[in-house]
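Participant: what's the 3D shape of this:
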Amino acid sequence: MLLNPGTTCWRVAPSPRAAVLVDTADYFDAARSSMFKARRSIHLLNWAFEAQTPFRPAPGGGAAPEDRIGGFLKDLAVAKPELDIRLLCWKSALPIAATQDFFPWRDRLFFAGSGVKFRLDGRLPMGACHHQKAIVIDDALAFCGGADFGPDRWDTPLHLDADPRRRKSPTSKSYFCARHEVMGLIEGPPAAALGELFRERWLRKTGESLPPAQTGEASDLWPDGVEPAFTNVAAGFSRTSAAWRDYPEVREVEALSLAMITGARRSIYMENQYFTSPVIAEALAARLAATEGPEVVIVSPRRSPSWFDQMTMDRTRSRFIGRLRSADVHGRFRAYFPLTAAGAPIIVHAKLAIIDDCLLRIGSANINNRSMGFDTECDLSLEAEGETAEASRTAIAAIRAELVGHWLGCPARAVAEAMEKEGGLGAAIEALRAAGAGRLSPIEPAPLGALATLIAKYHLGDPASPADSWRPWRRRAHLEASAEAVRARLAMSFAHMP
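Facilitator: Numbers count the residues shown, from 1 in each chain. So this is what the prediction gives:
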């Protein structure tokens, strides 16, 4: 097993049902359905949260107050006064809050005097952020993944060009970019564990200790219209948390990332906004250099939406991609960015990895230094183990085919058939692209100028821990040593594998 409590994950328990929600149109609908059924508690963790986010935006982004997340929660608190509704959102730094139109701060005024308890959480090292995204309902059902609540998050798997529901206002001619997110849905003991995580965060912020939800008689919170993809599947949570005051460092996300790469036999498929971690790059490079190893396919945006990330994360990603291309002596590595049908960029904000047909991971963590040791993260993994292993493997393979198909604009069945015919995921994608499914384009390492080289060399804007957050020279030395240790260990393990 890749999920091992105490090393690669915090908790693991069977989930009676689980599902994967691709893009936020389905996620917002499912979240609303399950929250409406809540009887005891609704607890939300978010990096960002905008109360005016519509569940189902009309053309121009319009919606009635009760059809927006903030109004919906306030109305629910009135209709069910016994319901404990709490939101914990990162207290973003002023420059970042300005780019968000200050909505995390305005949310405090929106919820003031209501039955919804809203808090901004800044209890973490300077420069770090709380990046977890989850909803826990009655400690019995939970959503976990990479999506926040914001009007610019909404999209469908079609990623339509000029979708009027992504228009910034009824009179505006500009649109929010097409955007890709993935969320996991679980129930039972894993949801209770995520409820415990929320209570730990709430205690850390407020000093208030919350009791677990009293489950009492059974209540089916499963969202209407969602078919479970898994039954009785092993579900585990992996966290990142920086050392801060009396709180210890937690690096389960990094440990699981390395274990997944080491354990892969046939394929590694990753979707992520950022690929900058040299430790992860070296682990992947070692597998690519081995005579017998998995193929590696990554999907990432063509460029980051913000200027700051373009200057920092995108430049360093070029070195990440270049390192893997140089290690790929057997032709098993491919990197792509997705486009809409008209050639517009799609923001890949999902944080997903699929290892063979054995493990599916969805969460908040990027493949960058911050997510491995500096920010607060939580990833959900579903692993094919036990009596339901075969059914879980089938479900994982189907979800991978669905994701790749939605990128290429072809049915999941066509992806599965191409994989069978071509003998692998990368070859299948190339065959489908050659046949006209051209919405995935290769990412090539960009040449770096003097400033970009400096940024990438010292990973500016991407700390690995509080110890180097304001000391980039220390960060560089630490990352080089960690990458060398991974390189040596994995090269010895796999270079001569028969």
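
Participant: show me the contacts for residue 45.
Facilitator: 88, 130, 132, 133, 134, 135, 197, 198, 201, 378 (C-beta atoms under 8 Å, 6 or more residues apart in numbering). Heads up, the C-betas are built off the backbone N, CA and C, glycines and all.

Participant: and the helices in the stretch 101-250 of the chain?
Facilitator: Taking DSSP state H, counting those that start in this stretch, the helices of the stretch 101-250 of the chain run over residues 103-111, 189-206.

Participant: just put these in JSON lines and tack on mean neighbour count and distance to residue 177.
Facilitator: Shown next, in JSON lines, are the helices of the stretch 101-250 of the chain (neighbours: other C-beta atoms under 10 Å; distance: least, C-beta to C-beta, whole Å):
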{"stretch": "helix 103-111", "mean neighbour count": "17", "distance to residue 177": "18"}
{"stretch": "helix 189-206", "mean neighbour count": "20", "distance to residue 177": "30"}
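
Participant: now the ones you listed in JSON lines, with mean pLDDT and distance to residue 439?
Facilitator: As requested, the helices of the stretch 101-250 of the chain are arranged in JSON lines below (pLDDT from 0 to 100; distance: least, C-beta to C-beta, whole Å):
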{"stretch": "helix 103-111", "mean pLDDT": "85", "distance to residue 439": "32"}
{"stretch": "helix 189-206", "mean pLDDT": "97", "distance to residue 439": "34"}
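
Participant: residue 489: which of the ones you listed is closest?
Facilitator: Residue 489 lies closest to helix 189-206 among the helices of the stretch 101-250 of the chain, at 30.7 Å (C-beta to C-beta).

Participant: give me the helices and strands touching that closest one, please.
Facilitator: Counting contacts by 3 or more C-beta pairs under 8 Å, 6 or more residues apart in numbering; DSSP states H and E, helix 189-206 packs against strand 11-22, strand 41-46, strand 84-90, strand 116-121, strand 134-137, strand 141-145, strand 230-241, strand 377-383.

Participant: can I get the ones you listed in TSV with mean pLDDT?
Facilitator: What follows is the helices and strands packed on helix 189-206, written out as TSV (pLDDT from 0 to 100):
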stretch	mean pLDDT
strand 11-22	97
strand 41-46	97
strand 84-90	97
strand 116-121	96
strand 134-137	98
strand 141-145	98
strand 230-241	98
strand 377-383	98
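
Participant: figure out which of these is closest to residue 340.
Facilitator: Of the helices and strands packed on helix 189-206, nearest to residue 340 by C-beta to C-beta is strand 11-22, at 15.9 Å.

Participant: quick one: strands adjacent to that closest one?
Facilitator: Here strand 11-22 has these sheet partners by DSSP bridges: strand 182-187 (antiparallel), strand 230-241 (antiparallel).

Participant: element containing residue 71?
Facilitator: Using DSSP states H and E, residue 71 maps to helix 69-79.

Participant: that helix packs against which elements?
Facilitator: helix 24-36, strand 84-90, helix 103-111, strand 116-121.

Participant: by contact count, what packs against the longest one?
Facilitator: Counting contacts by 3+ C-beta pairs under 8 Å, 6+ apart, the secondary-structure elements packed against helix 24-36 are helix 69-79, strand 134-137, strand 141-145, strand 182-187.

Participant: quick one: closest of these to residue 407.
Facilitator: It's strand 182-187; of those, that one is closest to residue 407 (C-beta to C-beta) at 12.4 Å.

Participant: next, the angle strand 141-145 makes with the closest one.
Facilitator: Strand 182-187 runs at 160 degrees relative to strand 141-145, counting by axes from the mean of the first three to the mean of the last three C-alpha atoms, to 10 degrees.

Participant: name the residues that touch strand 182-187?
Facilitator: Contacts of strand 182-187 (C-beta under 8 Å, 6+ apart): 15-24, 27, 30, 140-147, 194, 221-223, 226, 235, 271, 350-352, 362-363, 380, 382, 403.

Participant: how about stretch 103-110?
Facilitator: Defining contact as C-beta under 8 Å, 6+ apart, one finds that stretch 103-110 is touched by 48-52, 70, 87, 89-92, 97, 118, 120, 150.

Participant: which one of the helices of the stretch 101-250 of the chain lies closest to residue 4?
Facilitator: In terms of C-beta to C-beta, the element of the helices of the stretch 101-250 of the chain nearest to residue 4 is helix 189-206, at 15.3 Å.

Participant: send the alpha carbons of the closest one over as PDB?
Facilitator: Provided in PDB are the C-alpha atoms of helix 189-206 (Å, rounded to 0.1, in the frame of the first residue of the first chain):
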ATOM      1  CA  PRO A 189     -15.100   7.500   8.600                       C
ATOM      2  CA  PRO A 190     -12.900   9.500   6.200                       C
ATOM      3  CA  ALA A 191     -15.400  12.400   6.400                       C
ATOM      4  CA  ALA A 192     -15.200  12.300  10.200                       C
ATOM      5  CA  ALA A 193     -11.500  12.500  10.000                       C
ATOM      6  CA  LEU A 194     -11.700  15.600   7.800                       C
ATOM      7  CA  GLY A 195     -14.100  17.000  10.400                       C
ATOM      8  CA  GLU A 196     -11.400  16.500  13.000                       C
ATOM      9  CA  LEU A 197      -9.000  18.400  10.800                       C
ATOM     10  CA  PHE A 198     -11.400  21.300  10.600                       C
ATOM     11  CA  ARG A 199     -11.800  21.400  14.400                       C
ATOM     12  CA  GLU A 200      -8.000  21.400  14.800                       C
ATOM     13  CA  ARG A 201      -7.700  24.400  12.500                       C
ATOM     14  CA  TRP A 202     -10.600  26.200  14.200                       C
ATOM     15  CA  LEU A 203      -9.000  25.600  17.700                       C
ATOM     16  CA  ARG A 204      -5.700  26.900  16.400                       C
ATOM     17  CA  LYS A 205      -7.400  30.100  15.100                       C
ATOM     18  CA  THR A 206     -10.000  30.800  17.800                       C
END
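
Participant: want to throw the helices of the stretch 101-250 of the chain into TSV with distance to residue 474?
Facilitator: Shown next, in TSV, are the helices of the stretch 101-250 of the chain (distance: least, C-beta to C-beta, whole Å):
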stretch	distance to residue 474
helix 103-111	31
helix 189-206	27
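
Participant: which among these is found nearest to residue 454?
Facilitator: helix 103-111 (32.0 Å).

Participant: okay, now the spatially closest residue to residue 366 that is not a sequence neighbour: neighbour count?
Facilitator: Here the nearest residue to residue 366 in space, its sequence neighbours aside, is residue 274; by C-beta to C-beta, 6 or more residues apart in numbering that works out to 4.2 Å. Number of residues near residue 274 (other C-beta atoms under 10 Å) recorded here: 25.

Participant: ditto for residue 386
Facilitator: If you count neighbours by other C-beta under 10 Å, residue 386 ends up with 12.
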